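Okay, sequence plus prediction incoming.
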Amino acid sequence: MARRGAGTPFLQQLSLLLLLHLGGTLGCASVTVSPPIVPLGSAVTASCTVQRELCQGLEQGRVRISWMLDNKPVAGSQRQGPGGTEVSNLTLPRFNHTQARLFCCVEWNGTKQRIGMAEIRAGYPPAKPLNLSCVLNLDDYGLTCQWQQGTNSHLPTSFVLKCMGSRAQAVTGCTPRGGHSHCTVPRQLLQLYRQMEIWVSATNSLGTAESEHLHIDPMDVAKLDPPTLQSIQSIPFQTDCIALAWDLAWGTKHMELQCELRYRAPEDPAWALVSGIIGQAGTAQHCGFLFGTQYSFQMRCRRSSASALGSWSEWSPVRNYTTHEKAPTGKLDAWWGAQPAGGRLEVQLRWKAPRQREANGRVLGYCVTLSPRRRGRDPPIICNTTRTQCNFSVPAATRRVYLSAYNAAGESAPTEVILLERTGQPLAGLRAVPGGERSLWVHWEAPLAPVTAYVLEWQRVAAEPGHCSVCWQMEHDGAATTALIQDGIEPFQRYSISLYPLYEGTVGVPIHTTAYSQQKAPSHAPKLHLKRISKSEAELCWEPLPVEVQNGFITSYTIFWASSITSTASATVNPSLNSFAIRGLKPSTLYKVHIMASTAAGSTNGTSLTLVTTVLDDTEIQFLFLSLGLVFVGLMVLLICFQKNERMKEQLWPSVPD
């Protein structure tokens, strides 16, 4: 019996194999789907016909047909068909899968067995191909076109590049391989110097779509080799102009070409473009260059008759050229500080380096003299430096010095610096707000008196200043009320800002403010110290945070305290204070206290301080000691009185005879 029972599963498996493989899904049941490819969201109908006599194991008994869409059961109807077949019909009102398998199943031996299968796909008609463009390769004269496929249709889609007007006088073209979006029409199918119509056709089971049609001459989209820049030279008499010479690429010299030149200096954000250059000329001139500046030049060309779809060659290799120098021009922005000392004037003069447009080359140095340079006379030089500041001593009566810059080509006209006294009217108000992570906007109120210019000074408020201990800039617009400062500004650093109005004949008294370009929570909180404690109060103190770790303006300090039997309490303290007294504590109780420092951008907690309140406060301790002292004094007085008073002594210590 045991052996028969053990063989039963084997027989069931063997019967199942016979059902699925000997009868098979082809001979036992047939599944039809109409249609097998549908638009996404459309209805699908299916039918499963089971021939009982071909399904081994199903000859006897009722056949129950069911359906599975992938792994999900779906309900269909069943009826008896002709010739003893069983037929089940199924309708899916909305097929929302892009791809799924539909299984026809029968119940056999208590389980569902799949005896038929059909695959259903859904999607959309192909989208219109976009951005068709073509380039003719002059090496093999093949026309390579590329495009962008439209939105995914979820169905297999074939693309064909089609051409009309070719030598075949019929629709020809090429088919991309490997799913690419480009292919090449060979030379034998092209007719150069003749208009052709080119488009892309996309086809799937639900339809066909075409791209926009291009009407081009293949030679108009020929990809030419770039020209070669041979020489670049300055024109001596037109000092801001240069002359260029180039050679055309081999194979393009017989063509009518139009070319473009582009150039830029290292600090320029974008290229400057010169168009409309005739390629066969081989030379060109252009003006408007800065003196003593290195430029990078490139050229490219295309056929003159090419339409807007015509292809430009690649840009030629970069060729660098430095224009010749010229003596610096313009005035220098200068700022000074002066202190009288022993009949002389100690002057610190600072200035801004000229901009590239005014430097006209590389500035070699600066000269400060007591009088302007005249023909045939060289004034005495009091400072000659390569830096942008100079300290010197002049007679106390000196009110003017002259500053000039020089390069290899000459010296600039002197800038007169008038050493005015700083006694003028100050401004009414000054404030600074962040202009970005590394900049500050400064706003002020214009004074009543007319202003010729403003000077802004700023420096980091820290133990170690940044790369400029005092940075400054001049605002030449006397009507301005705002300015942006950027030099040396860093986030989380405090800056002291001063503003000087420059009047006609005097300098105004400066007004000051402080600001941050960006704030964050302090690096750490102050360390608490216990100053005084009693049974109900504890006075705490702390050192103010150094500016370097504040990272912003301290808006408040918050003190937190708690014991093992009370919840956490807190109090906010004005940032100008450095002590706080906690009141209402319980006597002889251990408390943990910590402080939190806050800025507008965040807060930081400090370490905890543990303290224990006393049993008695100071007044009670003083009263206790005073009471004990009084009792002691009273006892001493009584003792002295007893010794001095004979009568009382006789009463307490009577004299007893031997």
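On my side now, so go ahead. No experiment lies behind these values; they were computed from the predicted model shown.

What about residue 197, how many residues nearby?
14 (other C-beta atoms under 10 Å). Where you see a C-beta, it was placed from the backbone N, CA and C, and this is true even at glycine.

Flag the shaky bits of this protein, pLDDT-wise.
1-27, 56-61, 166-170, 307-309, 376, 463-469, 616-621, 642-655 (pLDDT under 70).

Nearest the geometric middle of this structure, what residue?
residue 437 (12.0 Å; C-alpha atoms, centre = their mean).

and that one, what does it touch?
Neighbouring residues of residue 437 by C-beta atoms under 8 Å, 6 or more residues apart in numbering: 491, 517-518.

go on, residue 419?
Contacts of residue 419 by C-beta under 8 Å, 6+ apart are 336, 338, 345, 347, 398-401.

okay if I get the contacts of residue 437 as CSV plus distance to residue 181?
Output for those, formatted as CSV (distance: C-beta to C-beta, whole Å):
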residue, distance to residue 181
491, 47
517, 49
518, 47
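
In helices only, show me these.
Applying DSSP state H to the contacts of residue 437, no entry is found in helices.

Mind checking which of those residues are buried?
Listed as buried from the contacts of residue 437 are 517-518; burial here means 16 or more other C-beta atoms under 10 Å.

Who are the packing partners of the top strand by length along the chain?
Looking across the chain with DSSP state E, the single longest strand is strand 111-123. Contacting strand 111-123 under the criterion 3 or more C-beta pairs under 8 Å, 6 or more residues apart in numbering; DSSP states H and E are the following elements: helix 24-27, strand 29-34, strand 37-39, strand 44-51, strand 65-69, strand 99-108.

Sheet partners, orientation included, of it?
Here strand 111-123 has these sheet partners by DSSP bridges: strand 37-39 (parallel), strand 99-108 (antiparallel).

quick one: which of those strands is nearest residue 477?
Residue 477 sits nearest to strand 37-39 of all the strands paired with strand 111-123, at 67.3 Å, using C-beta to C-beta.

Which residues does the closest one contact?
Under C-beta under 8 Å, 6+ apart, the answer for strand 37-39 is 44, 95, 120-125, 155, 205-206.

Mind jotting down where the helices sit in the stretch 251-400 of the chain?
356-359 (DSSP state H, counting those that start in this stretch).

Buried deepest among the strands paired with strand 111-123, which one?
strand 99-108 (a mean of 20; mean count of other C-beta atoms under 10 Å).

relative to strand 44-51, how tilted is it?
Relative orientation of strand 99-108 and strand 44-51, computed by axes from the mean of the first three to the mean of the last three C-alpha atoms, to 10 degrees: 30 degrees.

From the chain's centroid, how far away is strand 99-108?
Put simply, strand 99-108 sits 54 Å off its chain's centre (C-alpha atoms, centre = their mean, to the nearest Å).

cool, stretch 328-345 as well?
The chain centre lies 43 Å from the centre of stretch 328-345; the measure is C-alpha atoms, centre = their mean.

re the thing from before, quick one, which of the strands paired with strand 111-123 gets closest to residue 656.
strand 99-108 (131.9 Å).

and for the closest one, what are the contacting residues?
Counting by C-beta under 8 Å, 6+ apart, 16, 19, 29, 31, 33, 46, 48, 50, 55, 57-58, 63-70, 88, 90, 112-122, 154 sit against strand 99-108.

Send over it as CSV, restricted to the C-alpha atoms.
This file holds the C-alpha atoms of strand 99-108, laid out as CSV (Å, rounded to 0.1, in the frame of the first residue of the first chain):
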residue,chain,number,x,y,z
GLN,A,99,2.0,44.4,-23.1
ALA,A,100,0.4,41.4,-21.4
ARG,A,101,-0.2,37.6,-21.9
LEU,A,102,-3.7,36.2,-21.8
PHE,A,103,-3.9,32.5,-20.6
CYS,A,104,-6.8,30.1,-21.2
CYS,A,105,-6.9,27.7,-18.3
VAL,A,106,-8.9,24.5,-17.3
GLU,A,107,-9.4,22.9,-14.0
TRP,A,108,-7.7,19.5,-13.8
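
re earlier: as CSV, the contacts of strand 37-39 with distance to residue 602 and neighbour count would be great.
Shown next, in CSV, are the contacts of strand 37-39 (distance: C-beta to C-beta, whole Å; neighbours: other C-beta atoms under 10 Å):
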residue, distance to residue 602, neighbour count
44, 60, 23
95, 56, 19
120, 59, 20
121, 57, 20
122, 54, 22
123, 53, 20
124, 52, 18
125, 57, 17
155, 55, 20
205, 61, 16
206, 59, 19
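
Reformat these as TSV; add distance to residue 141.
Shown next, in TSV, are the contacts of strand 37-39 (distance: C-beta to C-beta, whole Å):
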residue	distance to residue 141
44	50
95	49
120	47
121	41
122	44
123	39
124	38
125	36
155	36
205	37
206	38
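
Pick out whichever of the residues you listed sits closest to residue 365.
Using C-beta to C-beta, the contacts of strand 37-39 come closest to residue 365 at residue 124, 73.6 Å.

I'd assumed residue 206 was in contact with the closest one.
Yes - contact criterion C-beta atoms under 8 Å: residue 124 and residue 206 qualify, at 6.7 Å.

Need the overlap of contacts for those two.
Listed as contacting both residue 124 and residue 206 by C-beta under 8 Å, 6+ apart are 39, 153, 155.
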